[in-house]
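Engineer: Got a sequence here, can you build the structure:
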Amino acid sequence: SWDRNVFTFQPTGRGFLRSAAYVVTISEKAQSGIGLPLAEPVLFRFKTVGYLEVTDVQPAPDATEVDMKADVLVTFNRPVVPLTSIGTQATLPQPLRFQPPVEGKGEWLNTSIYAFRPTQGFLPATRYEVRVVAGLADTTGGTLPADYVWSFTTKLPAVVATEPFEGAVHVAPTSVISVTFNQPMHHGSVEAAFSLLGPDRARVPGRFRWNKNTLVFTPASPLSPASAYTGKVAAGALAATGEKGTTREYTWAFVVVAPPRIVRTNPVNGETRAAPYTQLEVVFSSPMDRSTLQRNLTIIPEPRSVYSYWAESDMRVWLSFGARPSTSYQVILGPGLAGRYGHTLGKPYTTSFSTRALDPQVGLATMDRVGAYNAYTETVVLVSHLNVSRLDLALYRLDRDELVRLNSDWKSWDTYQPSRRDLLREWSLSLFAPLNETKLRTVAITTRQGTRLSPGLYYLEVSAPGVKWKGRHILAVTHTNLLVKQGEREVLV
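Structural biologist: Prediction:
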């Protein structure tokens with residue numbers, strides 16, 4: 001038909017074929033209203049809309065271990081239903097068929113995606129075949145030419161946890177053995193598949209009970225101490241519902257706790273130079289019962305108090321009792337000291353050690369880095385000393401610039417090394433003091449001739465054999481004293 005310069009071709013009957021490619025040609029013989037022909041033929045192509053197709057499904061074809069509560073999603077290549085309200089979902093097509101059948105509810109998430117949610121979930125360990133039935137039509141009238149079929153398998157029964165766990169050590173002899181599955185199981189089938197093998201590979205007798213998805217096995221008698229056991233669930237243990245059982249044998253191993261013994265101590269037995277005030281560390285071979293320590297602990301000489309700190313699942317304890325310097329100690333752990341599950345040491349354990357003297361120390365008992373001293377009187381300083389037999393002193397001359405730098409810059413002070421050119425005097429003093437007692441010694445700082453220091457700036461070092469750190473001090477010897485008082489708005493000198 002014509003409408004002025006527009007020619008329209010309308011096919012008759014069923015119209016164009018679906019998913020077909022057409023070529024349209026207008027030859028040069030076509031003429032205008034005044035008889036002018038086309039300069040050249042006109043040619044164009046088009047393709048008609050195709051059939052409805054499934055473009056994606058979830059779970060994917062041949063998927064395994066699908067969760068029993070999973071949704072099934074189907075995506076089509078074009079709209080199947082019109083945009084509509086939620087209330088009209090019941091009137092829309094429900095395209096899925098399941099084998100075995102599943103109760104559930106389907107809904108169109110949009111015009112081309114359909115979702116199915118099982119009401120009670122899928123059966124475990126079951127292969128499902130899902131079918132989109134041929135003939136489902138899209139909004140253009142195109143239909144699904146053939147059934148679309150795919151399948152998936154839900155989760156197979158499997159062990160997800162055991163107690164004791166794989167590789168566990170120090171397991172209680174009275175432990176029950178539990179095996180937890182990922183779904184409800186057929187009790188008789190699982191019990192027949194379960195075994196607990198002892199160190200001699202013999203099967204351990206016992207009784208079963210269930211707690212939901214967990215099998216609990218109680219051995220008929222306590223397990224043997226310091227022994228390895230192996231748990232097994234044979235392949236083929238069936239779920240409560242479904243078609244298939246566990247696909248492989250599940251095994252795990254654990255070791256029952258051994259009677260406790262002492263692995264080591266620190267300080268070690270026989271140590272003669274342990275640090276003063278040290279703790280005694282005791283390492284056990286298995287977890288211990290803390291409550292049995294106090295009545296099974298003897299320390300000679302007896303301390304005023306004992307504190308204990310436990311760690312590493314109660315396999316390690318630190319005993320703190322204020323071990324005095326230069327003292328020998330004997331620590332006895334009694335035979336009744338028990339492990340977590342009742343086993344005892346069985347016989348006493350004794351360890352001995354001696355502490356060394358306190359490290360030698362020397363220092364100047366001064367208020368600050370710089371001190372002011374009266375030039376009219378003898379200059380004296382107090383030196384503290386511990387476990388040293390001699391003081392070594394050195395007195396240096398110091399100028400004003402060095403004083404300012406050393407008193408204002410901590411790094412300069414920390415790294416300062418006086419020049420031998422400025423050395424005024426070096427001398428030593430013998431000391432006599434009880435071992436491990438800190439004492440004070442008054443030391444007169446004089447010239448080499450024994451006279452009082454003249455006014456000026458001095459640098460003093462005090463050291464002792466075996467002592468790393470020196471005592472250091474700057475002395476300002478003067479006839480003049482200034483007292484400064486500072487207020488909010490004024491300074492008084």
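Engineer: Now do the nearest residue to residue 206 once chain neighbours are set aside against residue 174, distance only.
Structural biologist: Spatial nearest neighbour of residue 206, chain neighbours left out: residue 219 (4.3 Å); criterion: C-beta to C-beta, 6 or more residues apart in numbering. (Glycine included, C-beta is placed from N, CA and C.) To residue 174, residue 219 is 8 Å away according to C-beta to C-beta, to the nearest Å.
Engineer: who's more crowded, these two?
Structural biologist: residue 219 (18 against 13; other C-beta atoms under 10 Å).
Engineer: got a list of what that one touches?
Structural biologist: Contacts of residue 219 were listed using C-beta atoms under 8 Å, 6 or more residues apart in numbering, and they are 176, 177, 196, 204, 205, 206.
Engineer: What of residue 466?
Structural biologist: Taking C-beta under 8 Å, 6+ apart as the test, what residue 466 contacts is 360, 388.
Engineer: Across the sheet, point out what pairs with the residue nearest to residue 99 when sequence neighbours are not counted.
Structural biologist: Among residues not flanking residue 99 along the chain, residue 129 sits closest, at 4.5 Å (C-beta to C-beta, 6+ apart). Beta bridges link residue 129 to residue 99, residue 151, judged by DSSP bridges.
Engineer: number of nearby residues for residue 129?
Structural biologist: 12.
Engineer: Quick check: it touching residue 151?
Structural biologist: Yes - with contacts counted by C-beta atoms under 8 Å, residue 129 reaches residue 151, the gap being 4.7 Å.
Engineer: Confirm for me that residue 114 is in contact with residue 106.
Structural biologist: Yes - if you go by C-beta under 8 Å, residue 114 and residue 106 touch, sitting 6.2 Å apart.
Engineer: Which stretches in the stretch 51-200 of the chain count as strands?
Structural biologist: 54-58, 63-66, 72-76, 96-99, 104-108, 113-118, 127-132, 148-154, 159-163, 168-171, 177-181, 194-197 (DSSP state E, counting those that start in this stretch).
Engineer: let me fix that: the stretch 201-350 of the chain
Structural biologist: Under DSSP E, counting those that start in this stretch, the stretch 201-350 of the chain gives strands at 206-211, 214-219, 228-233, 250-256, 262-266, 271-274, 280-284, 297-300, 307-311, 316-320, 328-333, 349-355.
Engineer: Quick check: neighbours of the first one in the sheet, parallel or antiparallel?
Structural biologist: Taking DSSP bridges as the criterion, strand 206-211 forms sheet pairs with strand 214-219 (antiparallel).
Engineer: what's the answer for the fifth one, then?
Structural biologist: Strand 262-266 has the following sheet partners, assigned by DSSP bridges: strand 280-284 (antiparallel).
Engineer: Angles on the backbone of the most centrally placed residue in the chain, please.
Structural biologist: By C-alpha atoms, centre = their mean, the chain has its centre lying nearest to residue 312, at 16.5 Å. Backbone torsions of residue 312, given as degrees, to the nearest 10, read phi 50, psi 60.
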